[in-house]
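Colleague: got a sequence here, can you model it:
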Amino acid sequence: EELLGPHKIMAYIQSYLIFIIPNLFFYGVIVFSIVTITRNISVGFITIILLLFLQSIISSFTTDVDNRYLVALFEPFGGEALSYYTKYWTVYEKNENLLPFEGVIIYNRAIWLGVSMLLLGLMYRYFSFTQTAFSFKKSKNSDRLTKNNFGGITKLNLPKVGFDFSLKQNLKTAWSLSHIDFKFIVKNWVFVSIVLVGMLFILITALTAGAIFGTETYPVTWQMLEIPGGAFGLFINVLTFLFSGILIHRGATTRMNHLIDVTPTPNWVLLVSKFLAIVKMQIVLLAAIMVSGILFQIYKGYFNFEIGHYLFELYAVKLIHYAIWALLAIFIQTLFKNYLLGFFVLLLLSIGLSFLPSLGVEQDIFIYNNDPGYDYSDMNGYGHGLKYYYLYKIYWLAFGIVLYGLSLLFWSRGVGQSAKNRIAILKER
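Modeller: Here you go, the predicted model:
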């Protein structure tokens, strides 16, 4: 007690009753509703990540003092409502006072408990055990449809097929398969929803970009790339980690893996197609940064877009950074049977790598995909720092290619995918 002060059980009770239990109820209702609508548990996992992003987006509005009350009132997690009263507390007050429960905190908790109860009531009212899972209107016919393809026998003249297993044909196959996987990604509404939230995050972050002690500056291109564009990198990594696992395990998820495994397609073709699909996705996401930046510049009345600068930094500088993460993601997802587990491991790795300097590992050559960075100015451009950036990226790209080779060794086809069998196959290869 001399070090920590007197024990107050009411402090724990307050935390649970005012914040923890209501927030768990809110999270639970949102995730339950999304999973009920989509009948897909992985979408619920993505929803939690989107909610965390939403919290950071809403918190960014508190930089303006005039918005603090509105943000505290409508922020669904209660953190900003608590900060509304405790932001300027002294250390003594933080150690001695209990959590305030008044004014905007009461309003905030009442609003979001009401929203949670409303959503839960709507789900109870409209939930149905039919195939359609959820609908606001009654279906005219909810019976299962059974196709009958046995009305007659049709004679078909099959064309003659020539077999070509050359390197050129395998590369064409990898490109065609990557196009199929890429269309699967961009049509996935999880991808669409995360991209929309990410673009909204870019536009909101851009509102504070370039402000120097409250003085606004022109939204020049390098500011759009540095602040909002840099923050969007987190969304790109999340989608890279998620869809690398979804694509690698797509055959098993759709129960087509055994059919794919017996095709005369080399393992490297299948893995290259997954990697190319992820890189195509990253190209689209980088284009979203450019589109969002240009839209914000138009909104601010600034029309010197510098398209060449956008294209060079996004595709000649940043694309290789995300491609290296894709190589690691493919390797990790190859090791795990469950893509959500692989996704979780990749998140832990990406977060844990940032803490290595505090453990004494400070050199960039020992921290995956790290680099000395680069600076840009309207006067000197990228200067001399860009060549060192490329040097480190070539180093990590070579390491990523090694990981790709290990992925080929661990890639398994057919039945018997236990760890023991995979190690035995690894030794044979």
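Colleague: what's the first helix or strand after the lengthiest helix in the chain?
Modeller: In the chain, taking DSSP state H as the definition, the longest helix is helix 267-299. Downstream of helix 267-299, the next assigned helix or strand under DSSP states H and E is helix 307-311.
Colleague: buried stuff in the next helix or strand after that next one?
Modeller: Using DSSP H and E, the helix or strand that follows helix 307-311 towards the C-terminus is helix 319-335. For helix 319-335, burial by neighbour count (16 or more other CB atoms under 10 Å) applies to 320-334. For the C-beta atoms, the positions are set from N, CA and C on the backbone; glycine is no exception.
Colleague: ok, back up a step: what is the orientation angle of the longest helix of the chain with helix 319-335?
Modeller: Calculated by axes from the mean of the first three to the mean of the last three CA atoms, to 10 degrees, helix 267-299 forms an angle of 140 degrees with helix 319-335.
Colleague: before we move on, the earlier item: tell me the one of the buried residues of helix 319-335 nearest residue 289?
Modeller: Distance to residue 289, by CB to CB, is smallest for residue 322 among the buried residues of helix 319-335, at 11.5 Å.
Colleague: quick check: that closest one touching residue 240?
Modeller: Yes - at 6.3 Å, residue 322 counts as touching residue 240 under the criterion of CB atoms under 8 Å.
Colleague: any common contacting residues for the two?
Modeller: Here residue 322 and residue 240 have residue 282 as joint contacts, going by CB atoms under 8 Å, 6 or more residues apart in numbering.
Colleague: is it true that residue 403 touches residue 328?
Modeller: Yes - using CB under 8 Å, residue 403 is in contact with residue 328, at 6.0 Å.
Colleague: can you map out the helices along the stretch 151-300 of the chain?
Modeller: 167-186, 189-206, 221-226, 228-231, 233-248, 250-253, 257-261, 267-299 (DSSP state H, counting those that start in this stretch).
Colleague: distance to residue 412 added to these, as JSON lines?
Modeller: Compiled in JSON lines, the helices of the stretch 151-300 of the chain are given as follows (distance: least, CB to CB, whole Å):
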{"stretch": "helix 167-186", "distance to residue 412": "18"}
{"stretch": "helix 189-206", "distance to residue 412": "27"}
{"stretch": "helix 221-226", "distance to residue 412": "41"}
{"stretch": "helix 228-231", "distance to residue 412": "38"}
{"stretch": "helix 233-248", "distance to residue 412": "11"}
{"stretch": "helix 250-253", "distance to residue 412": "11"}
{"stretch": "helix 257-261", "distance to residue 412": "9"}
{"stretch": "helix 267-299", "distance to residue 412": "9"}
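Colleague: listing request: residues of the stretch 301-429 of the chain with sub-threshold pLDDT.
Modeller: Applying pLDDT under 70 to the stretch 301-429 of the chain flags residues 414-419, 422, 425-429.
Colleague: how about a cut-off of 90?
Modeller: Residue ranges of the stretch 301-429 of the chain with pLDDT under 90: 301-306, 335-341, 343-344, 347, 350-367, 369-387, 405-429.
Colleague: please enumerate the helices of it.
Modeller: Under DSSP H, counting those that start in this stretch, the stretch 301-429 of the chain gives helices at 307-311, 319-335, 339-352, 385-410, 419-428.
Colleague: most tightly packed of the ones you listed?
Modeller: Most buried of the helices of the stretch 301-429 of the chain by mean neighbour count (mean count of other CB atoms under 10 Å) is helix 319-335; its value is a mean of 22.
Colleague: which other helices and strands contact it?
Modeller: Packing contacts for helix 319-335, counted by 3 or more CB pairs under 8 Å, 6 or more residues apart in numbering; DSSP states H and E, involve helix 233-248, helix 267-299, helix 339-352, helix 385-410.
Colleague: now do the shortest one against helix 233-248, angle only.
Modeller: Right, the one you point to is helix 339-352. In terms of direction (the same axes, to 10 degrees), helix 339-352 departs from helix 233-248 by 150 degrees.
Colleague: so how far is helix 339-352 from its chain's centroid?
Modeller: Counting by CA atoms, centre = their mean, to the nearest Å, helix 339-352 is centred 11 Å from the centre of its parent chain.
Colleague: and for the first one?
Modeller: The gap between where helix 233-248 is centred and where its chain is centred comes out at 6 Å by CA atoms, centre = their mean.
Colleague: quick check: buried residues in that helix?
Modeller: Neighbour-count burial for helix 233-248, counted by 16+ other CB under 10 Å, picks out 233, 235-248.
Colleague: which parts of the longest helix of the chain are buried?
Modeller: Residues of helix 267-299 classed as buried by neighbour count (16+ other CB under 10 Å): 269-282, 285-286, 288-290, 292-294, 296-297.
Colleague: just stretch 194-207 next, same as before
Modeller: 194, 195, 197, 198, 199, 201, 202, 203, 204, 205, 206, 207.
Colleague: ok, and the closest non-adjacent residue to the second one?
Modeller: To tie it back to what came earlier, the one meant is residue 195. residue 288 (6.0 Å; CB to CB, 6 or more residues apart in numbering).
Colleague: you'd agree that neighbour is up against residue 198?
Modeller: Yes - the criterion here is CB under 8 Å, and residue 288 meets it with residue 198 at 6.9 Å.
Colleague: which residues are in contact with the residue nearest the centre of the chain?
Modeller: Geometric centre of the chain, nearest residue: residue 238, 2.6 Å, by CA atoms, centre = their mean. Residue 238 is in contact with 49, 194, 347, counting by CB under 8 Å, 6+ apart.
Colleague: turn those residues into TSV, including distance to residue 174.
Modeller: Shown next, in TSV, are the contacts of residue 238 (distance: CB to CB, whole Å):
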residue	distance to residue 174
49	30
194	26
347	28
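Colleague: for residue 159, state which of those residues is nearest.
Modeller: For the contacts of residue 238, the minimum distance to residue 159 (CB to CB) is 42.6 Å, reached by residue 194.
Colleague: residue 255 versus residue 294, what's the distance?
Modeller: Residue 294 sits 44 Å away from residue 255 when distances are taken as CB to CB, to the nearest Å.
Colleague: could you report the neighbour count for residue 7?
Modeller: Residue 7 has 8 neighbouring residues, counting by other CB atoms under 10 Å.
Colleague: let's have the chain start at 453 instead
Modeller: New numbering, starting at 453: the last item is residue 459.
Colleague: what about it, helix or strand, and which?
Modeller: Applying DSSP H and E, one finds residue 459 in no helix or strand.
Colleague: okay, it: pLDDT?
Modeller: Residue 459 carries a pLDDT value of 76.
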